[in-house]
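*Asks:* Structural data only, the sequence is not supplied:
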């Protein structure tokens, strides 16, 4: 297997057929799990420093087709992280109040404050994905959103938020298998709805919409990562690696005390 | 060791000196850890059902003196739980906007929606603890808050929120040791501030304020649990046990699908 890029080249058009969702660097599951465990420990340590330092923040965005593994990746990758420092927001169909505002309003409110990791399960990208495919707004409205998104993500990064965006890339066949598993297991029925099939029927339209989002909003300050996601263990490994690597660059450290603590005696 | 009650008798005055912070049922750490691991797995399974069922919610409130173990318990107990279904809120000194509202305003906003576990690291109880000890409002104001709190917690439980309140009970000596550890370890300096010593100096006043909160807001629908917390492993075990036990009573189950899924065929 030749090495598959994780982040597309900035400025060049993304063609998802060039990205193999089965790609796994010739790694095997066992080796991957070992690396995953070590990385998760490191992630937990980095998160504690992020929280203690209280200077910067991390925003992790997950996008994928249904059954692409957003929930699974969030659960696995942040397994060992203190829930106190993490805030997951799932973006669903907007409420009337949300729709009464611009599309970034509800998203902005959910961005992580200093010291926190914010995780988006779906995001503002739905406003150029499902909204575009279903023509919920006219073309001229969704077309200008790519610039809006880039400006918004610039604002965040300028203010100390490191942004990592993951597109979990599965094949149409893999989705079929995962849907079938949900149908076959009564404990998973709640994860399936008939509407999922109408979305699946528009697969190619979604791929085009994703390609545009991955092309037009792939910036040096907020790059996309196209994660081969047919294999869950490889998907989780790539996501964890990317997060740990990014956090290692954030200059995290335990802060110096604000007061001089030398010679402090604690009375009985 | 005779058995120490976890929840005080409703309606009778709590005297914290009757509660031994070292109490551990003659359990040893190893046995406790084994039980803890099993309970945490069960907790993770129950949380998934809570989320899937999307009918009720759980609110877990942690109160303690500084270094009492609120952060530690949250980290350990919710170790294996999917961060997506959990939302931890830490209540700090109120902002001007928060102070412009009644004391329950910011708390109400942070309550968990259906399907979620909400965790409060400190809570509305600070408004009858630190606020009372430091006389930040007149007595007649904080005195009526016990009733306000009971009414508020009633509202929540009537609307499907199960409330569990934990007071992590440490001794004054144990606090001294934990403060000393923070001073001795530069990576823990950020957890210590000189202000912690002024609070410690008012230990007895805090104990009186806690006793009133534990007495006046100990209701059948939102009971207090006084957790012996000098031993961290016992503290975590008691909290996990209590949460698992409460969730087992919530009638959690994976929901039936809203649509008839029999005979559904997934197209290629």
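*Replies:* Here it is on my side, so go on. Just so we're clear, the structure is a prediction, and the values are computed from it rather than from any experiment.
*Asks:* Buried residues, the host helix or strand of residue A:45. List them.
*Replies:* Secondary structure from DSSP states H and E places residue A:45 in helix A:29-53. Residues of helix A:29-53 classed as buried by neighbour count (16 or more other C-beta atoms under 10 Å in any protein chain shown): A:32, A:36, A:39-40, A:42-44, A:46-53. C-beta here means a position set from N, CA and C on the backbone, and glycine is covered the same way.
*Asks:* tell me what that helix is packed against?
*Replies:* Judged by 3 or more C-beta pairs under 8 Å, 6 or more residues apart in numbering or on different chains; DSSP states H and E, the packing partners of helix A:29-53 are helix A:70-77, helix A:232-248.
*Asks:* Residues touching it, excluding its own?
*Replies:* Helix A:29-53 is contacted from outside by A:24, A:56-58, A:76-82, A:84-86, A:115-117, A:231, A:233-234, A:236-237, A:240-241, A:243-244, A:247-248, A:250, A:252-255, B:187, B:190-191, using C-beta atoms under 8 Å, 6 or more residues apart in numbering or on different chains.
*Asks:* my guess is residue A:213 contacts residue A:126, does it?
*Replies:* No - between residue A:213 and residue A:126 there is no contact, the gap being 9.9 Å when judged by C-beta atoms under 8 Å.
*Asks:* Give the residues shared as contacts by the two.
*Replies:* Both residue A:213 and residue A:126 are in contact with residue A:63, where contact means C-beta under 8 Å, 6+ apart.
*Asks:* more crowded one of those two?
*Replies:* In this view residue A:213 and residue A:126 are compared by other C-beta atoms under 10 Å in any protein chain shown, and residue A:213 has more residues nearby, 25 against 19.
*Asks:* any idea which element that one lies in?
*Replies:* For residue A:213, the host element (DSSP H and E) is helix A:203-216.
*Asks:* which element follows that helix toward the C-terminus?
*Replies:* Going down the chain from helix A:203-216, the next helix or strand is strand A:224-228, by DSSP H and E.
*Asks:* between that next one and helix A:70-77, what angle do the directions make?
*Replies:* If you take axes from the mean of the first three to the mean of the last three C-alpha atoms, to 10 degrees, strand A:224-228 sits at 90 degrees to helix A:70-77.
*Asks:* Strand A:224-228 versus helix A:203-216: what angle between them?
*Replies:* 140 degrees.
*Asks:* rewinding a little: average pLDDT for the helix holding residue A:45?
*Replies:* What helix A:29-53 shows for mean pLDDT is 97.
*Asks:* what does stretch A:164-180 give?
*Replies:* In this model, stretch A:164-180 has a mean pLDDT of 98.
*Asks:* now residue A:11: how far from residue A:220?
*Replies:* 10 Å (C-beta to C-beta, to the nearest Å).
*Asks:* hang on, the earlier thing: near chain B, anything from the helix holding residue A:213?
*Replies:* No - applying C-beta under 8 Å from any C-beta of the partner chain, one finds helix A:203-216 separated from chain B by no less than 10.1 Å.
*Asks:* Just checking the distance from that helix to the centre of its chain.
*Replies:* 16 Å (C-alpha atoms, centre = their mean, to the nearest Å).
*Asks:* Ok, stretch A:181-189 next?
*Replies:* Offset of stretch A:181-189 from its chain centre (C-alpha atoms, centre = their mean): 25 Å.
*Asks:* Stretch A:193-204 too?
*Replies:* Offset of stretch A:193-204 from its chain centre (C-alpha atoms, centre = their mean): 22 Å.
*Asks:* Give the buried residues for that stretch.
*Replies:* Quick answer for stretch A:193-204 (16+ other C-beta under 10 Å): A:193, A:196, A:199, A:200.
*Asks:* So which of the residues you listed sit within helices?
*Replies:* Members of the buried residues of stretch A:193-204 lying in helices (criterion: DSSP state H): A:196, A:199, A:200.
*Asks:* tally of neighbours for the nearest residue to the last one once chain neighbours are set aside?
*Replies:* Read that as residue A:200. With C-beta to C-beta, 6 or more residues apart in numbering or on different chains as the criterion, residue A:200 has its nearest non-adjacent residue at 6.5 Å, and that residue is residue A:175. Here the number of neighbours of residue A:175 (other C-beta under 10 Å) works out to 21.
*Asks:* Identify the residues contacting residue A:175.
*Replies:* A:65, A:66, A:67, A:68, A:200.
*Asks:* How about the residues of the stretch 151-268 of chain A by chain B?
*Replies:* A:172-173, A:176, A:179-180, A:183, A:186-194, A:197, A:200-201, A:254-259, A:261, A:264, A:266-268.
*Asks:* Counting neighbours, which of those residues end up buried?
*Replies:* With burial judged by 16+ other C-beta under 10 Å, the buried subset of these is A:176, A:179, A:183, A:188-193, A:200, A:254, A:257, A:266.
*Asks:* Nearest to residue A:151, out of the buried residues of stretch A:193-204: which one, please.
*Replies:* Distance ranking of the buried residues of stretch A:193-204 against residue A:151, using C-beta to C-beta, places residue A:199 first at 28.8 Å.
*Asks:* Give the full set of residues in contact with the closest residue to that closest one other than its chain neighbours.
*Replies:* Using C-beta to C-beta, 6+ apart and skipping residues adjacent in sequence, the residue nearest residue A:199 is residue A:66, 6.0 Å away. Residues in contact with residue A:66 (C-beta under 8 Å, 6+ apart) are A:175, A:179, A:196, A:199, A:200.
*Asks:* Could you take these and lay them out as JSON lines, with extra columns for distance to residue B:151?
*Replies:* Formatted as JSON lines, the contacts of residue A:66 follow (distance: C-beta to C-beta, whole Å):
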{"residue": "A:175", "distance to residue B:151": "49"}
{"residue": "A:179", "distance to residue B:151": "47"}
{"residue": "A:196", "distance to residue B:151": "43"}
{"residue": "A:199", "distance to residue B:151": "45"}
{"residue": "A:200", "distance to residue B:151": "49"}
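*Asks:* now, the most widely separated pair of those residues?
*Replies:* Spatially, the most separated pair among the contacts of residue A:66 is A:179 and A:199, at 10.8 Å (C-beta to C-beta).
*Asks:* re the thing from before, so what does the residue nearest to residue A:200 have for phi and psi?
*Replies:* Main-chain torsions, residue A:175, degrees, to the nearest 10: phi -60, psi -40.
*Asks:* Quick check, pLDDT for residue A:258.
*Replies:* pLDDT for residue A:258: 84.
*Asks:* show me the contacts for it.
*Replies:* By C-beta under 8 Å, 6+ apart, the residues touching residue A:258 are residue B:193.
*Asks:* Between the contacts of residue A:66, which sits nearest chain B?
*Replies:* Nearest to chain B out of those is residue A:179 (C-beta to the nearest C-beta; 4.9 Å).
*Asks:* Surely the closest one is in a strand?
*Replies:* No - Residue A:179 sits outside any strand when classified using DSSP: H, G, I helix; E, B strand; the rest coil, being helix.
*Asks:* contacting residues for the closest residue to it other than its chain neighbours?
*Replies:* Leaving aside its sequence neighbours, residue A:179 sits nearest to residue B:266 (C-beta to C-beta, 6+ apart; 4.9 Å). Listed by C-beta under 8 Å, 6+ apart, the contact set of residue B:266 reads A:176, A:179, A:180, A:183, A:197, A:200.
*Asks:* give the contact list for residue A:192.
*Replies:* Residues in contact with residue A:192 (C-beta under 8 Å, 6+ apart) are A:179, A:182, A:183, B:257, B:261.
*Asks:* Just the pLDDT for it.
*Replies:* Here, the pLDDT recorded for residue A:192 equals 95.
*Asks:* residue ranges with poor pLDDT in chain A?
*Replies:* A:1 (pLDDT under 70).
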